[in-house]
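>>> Please work out how this folds:
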Amino acid sequence: MRIIKLCVFGLMTAFATIAAALDLPPPIWSTKPDVGAFEKIENQRLDAAQRSIDKIVAVKGPRTIDNTLANYDDAVWHINAAMYFSSLMEAVHPDAAFRDRATAMTRKVSAAQTALSLNRSVYQALAAVPVSRADPATQYYMRRQLLEFRLAGVDKNDATRARLKVLSDELTEEQSAFDRNINDGQKSIEVRDPSELAGLPRDYIDNHKADKDGVIHITTSYPDFIPAMNFAVSDALRRRLYMAFHTRAYPQNRDVLMKMLRTRYDIASILGYKSWADYNAADKMIGTGAQIAEFIQSLDTAVRPVASREFQMLLAEKRKSDAKATTIGLQEKSYYLEQVRRSSFNFDSQSVRPYFPYGRVRQGILDTAATLFHVTFRQEEGAPAWDPSVETWQILDAGKVIGRFYLDMHPRPGKYSHAEMMAVLDGVRGKRLPEAALICNFPRPTPEDPGLMEYGDVQTFFHEFGHLMHMILGGQQPWAGISGISMESDFVEAPSQMLEEWIQSPQVLASFARDYQSGKPIPAELVLRMRRASAFGRANFVAQQNGYTAVSYDIYNAKPQDVDLDAITDRDTVKYAPFTPPEGTHMYASFGHLSGYSSAYYTYMWDKVIAEDFFEQFDPKNLLAGDAPLRYRRTVLEPGGSVSANDLVKNFLGRPQSTEALKRWVAAEFDTAPTDAGPRVDAGH
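Numbering: from 1, shown residues only. Down below sits the predicted model:
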């Protein structure tokens, strides 16, 4: 019942009529709820959940799946739906006052979630349900729910359960505050000398005109931040922007994070674990906190030799302009990666941007997913949403609607500032359709500007769409509690990271990457150089992610009174990757995953290992051909959380995951010249 927010959702009478004709409920925003209507929807869901809980407790005779598990699952669906909606509004609603009320509602829903997880009567009722003759999915669901109840502390005495509820409510408030501080903390730097923009794309410069005082403002939003870090020649500009980006929630989140550490440590201690890291691993694929530490070390061993080789190439590039250089700062890393790709691989990242206007990329990803997953997409034209830019789409399988999703793809003040798929509604086979939303921050196309995307933006789009397809295709289970992305949470990034790899396919790129002015397709020779150059830096990408993993583990594996956030962050950042952070970044304050993923940031690299192993099962000459795509859909995505994630891996691979594919992936830049099946491309995260 502990829910990790992934990366979420949501519509006039006309739409209700259309939806009814399709046997599809109207989108949540069909009524355009104001704050009062929003809260009414939420309270109705909580009331419905409580009625189902009351039915469980009121049963007098023998416990059955119908009178107990079915009512429990109905309560889970309503509470989850309420949590999804409040979390979404907290992250995306344009009005700050609405977001504030959504934050308060998130606390209320979380309290209901916690109360259910500590309800001993419900736990005992579920434990009494005979399931030996039930289908395997139902048996697995029951085993896993009973484990989650015990991890919540349901079997403790009344006083202990009351204390756990207080702590859980406090944690919800702390997580909301941490996330809101990041979302609301956008900063900007001032540029008074236009020469500081040297190296940046022409459209970027054109979109950043000086104000009446002659000042150019560069914000910490992704469409501003990423090109500046990649292309700006001025180290001073990059350093100022880097500092602004990483301090946008400092100092307030330093105190909030320390509160979270103490709250989580107290919860883990009460439940008999020596640290939050151990407690949080208990229901994961990885199993224990010690296994996280072992994984960090094994990953370091696997990538360090190639990472060192890459670093020497970066340092040699820097020495062309600074002969005595011995270090590379984190604010320089992306810039020198770009320079090495130009000098050693004959590839300029700006050369592909004209082929990636947002509209074409969106259509290309939809077309690719339709072929890969054997589905079709249909837009609900004119559907109202929380912002005019949001699009509403249906997913169809063999002509039948199987889900809905929303695209909220461009930045605006107060909106979640990274990229995330957020669940909207859990699917239940034959009863309820799954819904999800993509919340991203890509360049907004206008009549004057096509919204040219960075290569990394396109990778991110593929990544988040992988989450979305997992949520919808896995959302056809008989129970809400095993629907969608409900398996062990350290598997959730594997399908999304695997889908990143589709951008490396010349076949896929040829289907949508066309020059926004001439309409000419991206040249095959440019694709080959791009694939080769994009392989450079993978080992250091993994090394840097490993450092962030160590930060996440180390601060949650210690007693809070022993945690020095700056010392641990500074130590782990340089221990696993060779880059030097500027002083005073306090990176942890804007590291949003320390709230949701807490000690489990290892998930990204753990799942990268799985993703690369999965990817090698596809035909590299035609990723959309053969039996792998449909077999992958059937054995990995469609089961949702109806089986263990370890079984999902084995069912597709025929064995447990191996690091060998990852090792080949990180070393691909130093392989022989690329062929049609040459090096693959990383999307990063």
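>>> alpha carbons only for contacts and neighbour counts from here, please
OK.
>>> Let me see the backbone angles for Val424.
According to degrees, to the nearest 10, the main-chain angles of Val424 amount to phi -110, psi -50.
>>> That one contacts Phe85, correct?
Yes - with contact defined as C-alpha atoms under 8 Å, Val424 counts as touching Phe85 (6.5 Å).
>>> any low-confidence regions in the chain?
1-23, 671-685 (pLDDT under 70).
>>> longest helix anywhere in it?
The residue-count maximum for a helix in the chain (DSSP state H) belongs to helix 289-318.
>>> Can you point out the buried residues in that one?
Of all the residues in helix 289-318, those buried under the rule 16 or more other C-alpha atoms under 10 Å are 289, 292-293, 295-296, 299-300, 302-304, 306-307, 310-311, 313-318.
>>> Show me what it is packed against.
Helix 289-318 sits against helix 276-281, helix 330-345, helix 538-556, helix 660-666, with contacts defined as 3 or more C-alpha pairs under 8 Å, 6 or more residues apart in numbering; DSSP states H and E.
>>> Arrange the ones you listed in a markdown table, one row each, with mean neighbour count and distance to Ala611 as further columns.
Supplementary listing: the helices and strands packed on helix 289-318 in a markdown table, determined by neighbours: other C-alpha atoms under 10 Å; distance: least, C-alpha to C-alpha, whole Å:
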| stretch | mean neighbour count | distance to Ala611 |
| --- | --- | --- |
| helix 276-281 | 24 | 20 |
| helix 330-345 | 20 | 24 |
| helix 538-556 | 25 | 14 |
| helix 660-666 | 18 | 9 |
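>>> Need the ones you listed in TSV (columns: distance to Arg240).
Formatted as TSV, the helices and strands packed on helix 289-318 follow (distance: least, C-alpha to C-alpha, whole Å):
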stretch	distance to Arg240
helix 276-281	34
helix 330-345	9
helix 538-556	21
helix 660-666	31
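>>> Mind checking those helices for the one nearest to Asn43?
Closest approach to Asn43 among these is made by helix 276-281 (29.9 Å; C-alpha to C-alpha).
>>> Report the distance from the closest one to the chain centre.
The chain centroid and the centroid of helix 276-281 are separated by 21 Å under C-alpha atoms, centre = their mean, to the nearest Å.
>>> ok, back up a step: quick one: closest of the helices and strands packed on helix 289-318 to Pro639.
Nearest to Pro639 among the helices and strands packed on helix 289-318 is helix 276-281; the distance by C-alpha to C-alpha comes to 22.3 Å.
>>> And that closest one, what does it pack against?
helix 252-270, helix 289-318, helix 538-556.
>>> Contacts for the last one next, please.
Pointing back at helix 538-556 there. Here helix 538-556 makes contact (C-alpha atoms under 8 Å, 6 or more residues apart in numbering) with 261, 265, 275-277, 292-293, 296, 299-300, 303-304, 306-307, 310-311, 563, 565, 568-569, 572-577, 594, 598-602, 605, 665-667, 682, 684.
>>> Show me where the stretch 1-150 of the chain has its strands.
Using DSSP state E, counting those that start in this stretch, the stretch 1-150 of the chain contains no strands.
>>> which stretch among the helices and strands packed on helix 289-318 comes nearest Val35?
Nearest of the helices and strands packed on helix 289-318 to Val35, taken as C-alpha to C-alpha: helix 276-281 at 34.6 Å.
>>> list the contacts for Lys324?
Lys324 sits next to no residue when contact means C-alpha under 8 Å, 6+ apart.
>>> Give me the secondary structure label for it.
Judged by DSSP: H, G, I helix; E, B strand; the rest coil, the three-state class of Lys324 is coil.
>>> Next one: it from Ser511, what distance?
According to C-alpha to C-alpha, to the nearest Å, Lys324 stands 46 Å off from Ser511.
>>> how about the helices in the stretch 551-685 of the chain?
Applying DSSP state H, counting those that start in this stretch to the stretch 551-685 of the chain gives helices spanning 565-576, 593-596, 603-615, 628-632, 645-653, 660-666.
>>> Distance of the residue nearest to Ile296 when sequence neighbours are not counted relative to Ile292?
Closest residue in space to Ile296, ignoring its immediate chain neighbours: Asn546 at 6.3 Å, by C-alpha to C-alpha, 6 or more residues apart in numbering. Noted for Asn546: a distance of 11 Å to Ile292, by C-alpha to C-alpha.
>>> Report the set of residues contacting both of these two.
Tyr602.
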